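J.: whatever this is, show me its structure:
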Amino acid sequence: MEYYTWVLSFHIVAVLSWMAMLFYLPRLFVYHVENIDKKEFVDIVTVQESKIYRFIGHPAMWFTIFSGATMIYLNPALLSQDWFHAKLLMLVFLIAYSFSLNYYRKQLANGRCKKSGKFFRMYNEQPTLLAILIVTYVITKNFSLLFTIVMILFFTFISYMILKPKKDRS
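T.: Numbers count the residues shown, from 1 in each chain. Predicted structure coming up:
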(Lines give C-alpha, C1' and ligand atoms only; values in the text may rest on other atoms or scores of the structure.)
Protein backbone atom coordinates (compact mmCIF):
# COMPACT_ATOMS: atom_id res chain seq x y z
CA MET A 1 0.00 0.00 0.00
CA GLU A 2 3.07 2.24 0.16
CA TYR A 3 2.70 3.15 -3.53
CA TYR A 4 -1.09 3.14 -3.69
CA THR A 5 -1.57 6.89 -3.14
CA TRP A 6 1.08 7.67 -5.76
CA VAL A 7 -0.68 5.45 -8.28
CA LEU A 8 -4.04 6.94 -7.27
CA SER A 9 -2.69 10.45 -7.88
CA PHE A 10 -1.46 9.43 -11.32
CA HIS A 11 -4.82 7.74 -11.97
CA ILE A 12 -6.77 10.91 -11.14
CA VAL A 13 -4.61 13.06 -13.44
CA ALA A 14 -5.00 10.49 -16.25
CA VAL A 15 -8.79 10.42 -15.76
CA LEU A 16 -8.94 14.24 -15.87
CA SER A 17 -6.99 14.30 -19.13
CA TRP A 18 -9.14 11.56 -20.65
CA MET A 19 -12.36 13.25 -19.58
CA ALA A 20 -11.20 16.55 -21.09
CA MET A 21 -11.07 14.81 -24.46
CA LEU A 22 -14.37 12.99 -23.90
CA PHE A 23 -16.11 16.29 -23.13
CA TYR A 24 -14.46 18.44 -25.80
CA LEU A 25 -14.14 16.21 -28.87
CA PRO A 26 -17.91 15.85 -29.49
CA ARG A 27 -18.20 19.64 -29.23
CA LEU A 28 -15.59 19.91 -31.99
CA PHE A 29 -17.72 17.46 -33.99
CA VAL A 30 -20.68 19.84 -33.59
CA TYR A 31 -18.60 22.72 -34.98
CA HIS A 32 -17.29 20.48 -37.77
CA VAL A 33 -20.74 19.32 -38.90
CA GLU A 34 -22.42 22.70 -38.57
CA ASN A 35 -19.70 24.47 -40.57
CA ILE A 36 -19.12 21.80 -43.20
CA ASP A 37 -19.38 24.38 -45.99
CA LYS A 38 -16.41 26.39 -44.59
CA LYS A 39 -13.40 24.40 -45.81
CA GLU A 40 -10.72 26.42 -43.97
CA PHE A 41 -12.60 26.12 -40.68
CA VAL A 42 -13.21 22.39 -41.18
CA ASP A 43 -9.52 21.85 -41.95
CA ILE A 44 -8.54 23.49 -38.65
CA VAL A 45 -11.16 21.59 -36.64
CA THR A 46 -10.08 18.31 -38.26
CA VAL A 47 -6.52 18.88 -37.05
CA GLN A 48 -7.79 19.74 -33.57
CA GLU A 49 -9.96 16.61 -33.49
CA SER A 50 -7.03 14.44 -34.48
CA LYS A 51 -4.59 15.96 -32.00
CA ILE A 52 -6.91 15.92 -29.00
CA TYR A 53 -7.77 12.27 -29.62
CA ARG A 54 -4.35 10.93 -30.61
CA PHE A 55 -2.12 12.96 -28.27
CA ILE A 56 -4.31 13.58 -25.23
CA GLY A 57 -7.41 11.41 -25.00
CA HIS A 58 -6.25 8.04 -26.27
CA PRO A 59 -2.98 7.95 -24.28
CA ALA A 60 -4.81 9.24 -21.18
CA MET A 61 -7.37 6.42 -21.52
CA TRP A 62 -4.57 3.83 -21.54
CA PHE A 63 -2.81 5.52 -18.60
CA THR A 64 -6.14 5.47 -16.74
CA ILE A 65 -6.59 1.77 -17.44
CA PHE A 66 -2.98 0.94 -16.53
CA SER A 67 -3.03 2.92 -13.27
CA GLY A 68 -6.45 1.49 -12.38
CA ALA A 69 -5.21 -2.06 -12.97
CA THR A 70 -2.18 -1.27 -10.82
CA MET A 71 -4.46 -0.06 -8.01
CA ILE A 72 -6.42 -3.32 -8.23
CA TYR A 73 -3.15 -5.24 -8.07
CA LEU A 74 -2.09 -3.26 -4.98
CA ASN A 75 -5.53 -3.55 -3.36
CA PRO A 76 -7.34 -6.67 -4.66
CA ALA A 77 -10.02 -6.24 -1.98
CA LEU A 78 -11.59 -3.69 -4.34
CA LEU A 79 -12.84 -6.57 -6.47
CA SER A 80 -15.07 -7.83 -3.65
CA GLN A 81 -17.16 -4.65 -3.50
CA ASP A 82 -20.41 -4.09 -5.42
CA TRP A 83 -19.75 -0.40 -6.06
CA PHE A 84 -16.45 -1.31 -7.70
CA HIS A 85 -18.16 -3.76 -10.05
CA ALA A 86 -20.61 -1.01 -11.02
CA LYS A 87 -17.68 1.38 -11.57
CA LEU A 88 -15.96 -1.17 -13.82
CA LEU A 89 -19.14 -1.60 -15.87
CA MET A 90 -19.40 2.18 -16.36
CA LEU A 91 -15.71 2.16 -17.29
CA VAL A 92 -16.41 -0.38 -20.04
CA PHE A 93 -19.09 1.98 -21.41
CA LEU A 94 -16.66 4.92 -21.19
CA ILE A 95 -13.99 2.99 -23.08
CA ALA A 96 -16.51 2.02 -25.77
CA TYR A 97 -17.59 5.67 -25.98
CA SER A 98 -13.97 6.73 -26.36
CA PHE A 99 -13.43 4.33 -29.26
CA SER A 100 -16.70 5.51 -30.83
CA LEU A 101 -15.33 9.05 -30.85
CA ASN A 102 -12.37 7.86 -32.89
CA TYR A 103 -14.79 6.18 -35.30
CA TYR A 104 -16.73 9.44 -35.77
CA ARG A 105 -13.48 11.42 -35.98
CA LYS A 106 -12.30 9.27 -38.87
CA GLN A 107 -15.70 9.48 -40.59
CA LEU A 108 -15.69 13.27 -40.31
CA ALA A 109 -12.11 13.51 -41.58
CA ASN A 110 -13.07 11.43 -44.65
CA GLY A 111 -16.29 13.39 -45.26
CA ARG A 112 -18.47 10.31 -44.68
CA CYS A 113 -20.22 11.23 -41.44
CA LYS A 114 -23.97 11.76 -41.79
CA LYS A 115 -24.64 12.67 -38.15
CA SER A 116 -26.09 16.08 -37.30
CA GLY A 117 -24.98 18.74 -34.89
CA LYS A 118 -27.96 17.80 -32.72
CA PHE A 119 -26.74 14.20 -32.57
CA PHE A 120 -23.28 15.28 -31.42
CA ARG A 121 -24.79 17.67 -28.85
CA MET A 122 -26.74 14.74 -27.44
CA TYR A 123 -23.76 12.41 -27.70
CA ASN A 124 -21.68 14.93 -25.77
CA GLU A 125 -23.91 14.39 -22.70
CA GLN A 126 -23.15 10.68 -22.35
CA PRO A 127 -19.71 10.88 -20.69
CA THR A 128 -21.23 13.27 -18.14
CA LEU A 129 -23.71 10.58 -17.09
CA LEU A 130 -20.96 7.98 -16.83
CA ALA A 131 -18.69 10.36 -14.92
CA ILE A 132 -21.45 11.20 -12.43
CA LEU A 133 -22.12 7.51 -11.83
CA ILE A 134 -18.44 6.58 -11.50
CA VAL A 135 -17.59 9.46 -9.17
CA THR A 136 -20.67 8.78 -7.02
CA TYR A 137 -19.80 5.09 -6.68
CA VAL A 138 -16.18 5.87 -5.80
CA ILE A 139 -16.92 8.63 -3.27
CA THR A 140 -19.83 6.91 -1.52
CA LYS A 141 -18.32 3.41 -1.84
CA ASN A 142 -21.88 2.36 -2.54
CA PHE A 143 -23.91 1.13 -5.49
CA SER A 144 -27.45 2.45 -5.49
CA LEU A 145 -29.65 0.93 -8.18
CA LEU A 146 -32.27 3.63 -7.61
CA PHE A 147 -29.73 6.44 -8.05
CA THR A 148 -28.36 4.76 -11.18
CA ILE A 149 -31.81 4.35 -12.73
CA VAL A 150 -32.83 7.92 -11.88
CA MET A 151 -29.65 9.29 -13.46
CA ILE A 152 -30.09 7.18 -16.60
CA LEU A 153 -33.71 8.34 -16.92
CA PHE A 154 -32.70 11.95 -16.37
CA PHE A 155 -30.03 11.77 -19.08
CA THR A 156 -32.42 9.95 -21.39
CA PHE A 157 -34.80 12.90 -20.96
CA ILE A 158 -31.99 15.39 -21.64
CA SER A 159 -31.00 13.43 -24.77
CA TYR A 160 -34.63 13.41 -25.94
CA MET A 161 -34.94 17.16 -25.40
CA ILE A 162 -31.80 17.79 -27.44
CA LEU A 163 -32.88 15.53 -30.30
CA LYS A 164 -36.57 16.37 -30.53
CA PRO A 165 -37.56 18.56 -33.46
CA LYS A 166 -38.25 22.19 -32.62
CA LYS A 167 -41.82 23.31 -33.11
CA ASP A 168 -42.43 25.75 -35.90
CA ARG A 169 -43.55 29.03 -34.35
CA SER A 170 -45.26 30.41 -37.46
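
J.: on contacts alone, who are the packing partners of the helix or strand harbouring Pro127?
T.: Assigned by DSSP states H and E, Pro127 belongs to helix 126-140. The elements that helix 126-140 packs onto, with contact taken as 3 or more CB pairs under 8 Å, 6 or more residues apart in numbering; DSSP states H and E, are helix 4-34, helix 82-109, helix 145-163. Heads up, the C-betas are built off the backbone N, CA and C, glycines and all.

J.: count the neighbours of Tyr104 for me.
T.: The tally of other residues near Tyr104 (other CB atoms under 10 Å) stands at 21.

J.: so it sits against Arg112, correct?
T.: No. Using CB atoms under 8 Å, Tyr104 makes no contact with Arg112, being 10.1 Å away.

J.: tell me which residues in stretch 9-21 are buried?
T.: 10-11, 14-15, 17-19, 21 (16 or more other CB atoms under 10 Å).

J.: next one: stretch 74-84
T.: So stretch 74-84, judged by 16+ other CB under 10 Å, has buried residues 78, 83-84.

J.: please apply the same query to stretch 141-156.
T.: 143-144, 148, 151, 155.

J.: quick revisit: dump the buried residues of stretch 9-21 to JSON lines, plus pLDDT and distance to Phe120.
T.: Converted to JSON lines, the buried residues of stretch 9-21 look like this (pLDDT from 0 to 100; distance: CB to CB, whole Å):
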{"residue": "Phe10", "pLDDT": "97", "distance to Phe120": "31"}
{"residue": "His11", "pLDDT": "98", "distance to Phe120": "29"}
{"residue": "Ala14", "pLDDT": "98", "distance to Phe120": "25"}
{"residue": "Val15", "pLDDT": "98", "distance to Phe120": "23"}
{"residue": "Ser17", "pLDDT": "98", "distance to Phe120": "21"}
{"residue": "Trp18", "pLDDT": "98", "distance to Phe120": "19"}
{"residue": "Met19", "pLDDT": "98", "distance to Phe120": "17"}
{"residue": "Met21", "pLDDT": "98", "distance to Phe120": "14"}
